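Novice: let's see this in three dimensions:
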Amino acid sequence: MRSLKTISDLDHDYFWRKVRKPPVDLSSRKELCWLWTGANRGTGYGSIRVGKSILDAHVVSFLLANPTAVVPDGHVVMHSCDVKQCVRPSHLSVGTHSENMLQAAASVDCQARSLTEVKVNQLVNLYRGGMSRRGIAGEIGCSYETVKRVLQGRAYWYWSGIDRRQRNR
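Specialist: All right, here's what the predicted structure looks like:
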């Protein structure tokens, strides 16, 4: 079980200094991701040392934003946005591993059908400008999987100009 007691040794200011919040876009109704810029586990999930433990940054964010919350054993903190680096508390909730997998699968399917031509072109330009796929996912507001599929020419090839035969990128 994880709770706020687990992270009582954490310097809260240090934690939030490691978070990149995008500028507020009042024209968009979508809440953009807050991206963790600190260390990560190599899997894309942010991590932070708290005492002698290393915790996932999104779990710490959830607990900081919900001081009375508890993450029971056998449960995880899920991302509604499917962006592993995201620590925006409103994108996080507690659920079982099965619920997390179902939500992620549904979200990827939905996002893969919801990008506009403008968003696809922006995605490609950000990638060509040197931004990482994970960074693009947070910027565009879609999953890493969707970004990967677009850049591999497996989705939206008709807008991206990426040859579908170039699958090893």
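Novice: and for the strand or helix carrying Thr146, what's in contact with it?
Specialist: According to DSSP states H and E, Thr146 maps onto helix 144-151. Identification of contacts with helix 144-151 by C-beta atoms under 8 Å, 6 or more residues apart in numbering yields 44, 82-84, 108, 111-112, 115, 120, 123-124, 127, 133-134, 136-137, 140, 155-156, 160, 162, 169. Any C-beta I mention is one placed from the backbone N, CA and C, and that applies to glycine too.
Novice: after it, which helix or strand is next?
Specialist: Note on helix 144-151: by DSSP H and E, the next helix or strand toward the C-terminus is helix 157-160.
Novice: which elements pack onto that next one?
Specialist: helix 117-128 (3 or more C-beta pairs under 8 Å, 6 or more residues apart in numbering; DSSP states H and E).
Novice: between helix 144-151 and the helix it packs on, find me the angle.
Specialist: Using axes from the mean of the first three to the mean of the last three C-alpha atoms, to 10 degrees, one finds that helix 117-128 and helix 144-151 are set 90 degrees apart in direction.
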